[in-house]
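K.L.:
can't give you the sequence, but here's the structure:
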């Protein structure tokens, strides 16, 4: 007797969840649509009803992933209005906490740069949105800020770098000392970055 499939709405969410798990376990390139359908407990026909192709599925997972980070970033920036001095350490700890999300992020970025222009455009748009959010928040939280655009780009680059290090080295990041070191370099409040200090 054939298994009874879930209602369409639940089936779609189940497919997305199953695909995400397989992408994390096997990698995006090695997880086939047949694997995903089996993991979700649906037929390939049902899978194709919701997602026309594997690329369509990857795009939807990326969209959900990026929107979740954007929502968390907005929430955190609103909370930090009362304690702006903790903004950077809060951003770091919040975005590095979820190991699975960090791994998924790397898988999606790898897929984008490996030859998926649509996905690359989607991810690039999200990064630009995050930069704008941070830039606006830095300008509001620190009215005398001289280079909010540069600082926003730097913060995102640092977080990206530590996501990689956190996953590869499996070593906890000392956020307190990291923030102190960056502030000592005057990175966030300089009109122009001091390249000599950054090269030390």
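P.N.:
Perfect, thanks for sending it. Owing to the predicted nature of the structure, the values given are computational and were not obtained by experimental measurement.
K.L.:
where along this protein do the helices fall?
P.N.:
8-26, 33-40, 44-50, 54-79, 87-97, 99-113, 117-141, 148-169, 175-184, 195-199 (DSSP state H).
K.L.:
contacting residues for the most centrally placed residue in the chain?
P.N.:
By Cα atoms, centre = their mean, the chain has its centre lying nearest to residue 105, at 5.1 Å. Counting by Cβ atoms under 8 Å, 6 or more residues apart in numbering, residue 105 makes contact with 65, 163. For every residue, glycine as well, the C-beta is placed using N, CA and C.
K.L.:
ok, residue 101 - contacts?
P.N.:
65, 68, 69.
K.L.:
how does the chain divide up, domain by domain?
P.N.:
1-51, 61-199 (automatic domain parsing).
K.L.:
by mean pLDDT, show me the worst of these.
P.N.:
Lowest mean pLDDT of those: domain 61-199, a mean of 79.
K.L.:
grab the nearest non-local neighbour of residue 134.
P.N.:
Nearest non-adjacent residue to residue 134, counting by Cβ to Cβ, 6 or more residues apart in numbering: residue 152, 3.7 Å away.
K.L.:
and the gap between the one you found and residue 88?
P.N.:
Residue 152 sits 11 Å away from residue 88, going by Cβ to Cβ, to the nearest Å.
K.L.:
and for residue 70?
P.N.:
From residue 70 to residue 88 the distance is 18 Å (Cβ to Cβ).
K.L.:
more neighbours: these two, which one.
P.N.:
residue 88 (22 against 14; other Cβ atoms under 10 Å).
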